[in-house]
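1. What follows is a predicted structure for the sequence shown.
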Amino acid sequence: MNRFAIETEPLDRGVRLRLQGVLDGGAAYTLRDRIFQMESPVILDCSRLEQLSDFGLGILAMAITEMEKDVQFVGLGHHAQRILRAFGLPRAAA
């Protein structure tokens, strides 16, 4: 069974979601639904992820583009940042 957890940290403005475990396609859909319910801005802290699939990242990128939410990723490697830029999310991958 896939291990994926989301820890929520309220901020003065918005929220930080600390991701842990494996972010695959199924986990990406779960995260997408959580982001949809959140107030902007949302910071996705990926520094604790053990694995991040390109497919899962693509699902998130498409969803964030459609939601038009202020979402920023932190703790990503260069490969994942390139994927986000390819989906038109240059600010999210900063």
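-> Ah, there it is.
2. Direction included, what does the helix or strand encompassing residue 20 pair up with?
-> Assigned by DSSP states H and E, residue 20 belongs to strand 15-23. Note on strand 15-23: by DSSP bridges, its sheet partners are strand 4-10 (antiparallel), strand 42-52 (parallel).
3. So which residues lie in contact with it, not counting its own?
-> 2-9, 27, 31, 34-35, 38-39, 42-53, 56-57 (CB atoms under 8 Å, 6 or more residues apart in numbering). No exception for glycine: its C-beta is placed from N, CA and C like everyone else's.
4. Show me where the chain dips below the pLDDT cut-off.
-> 1-2, 93-94 (pLDDT under 70).
5. Can you tell me the centre-most residue of it?
-> Geometric centre of the chain, nearest residue: residue 44, 4.8 Å, by CA atoms, centre = their mean.
6. Out of the strands paired with strand 15-23, which one sits most buried?
-> strand 42-52 (a mean of 17; mean count of other CB atoms under 10 Å).
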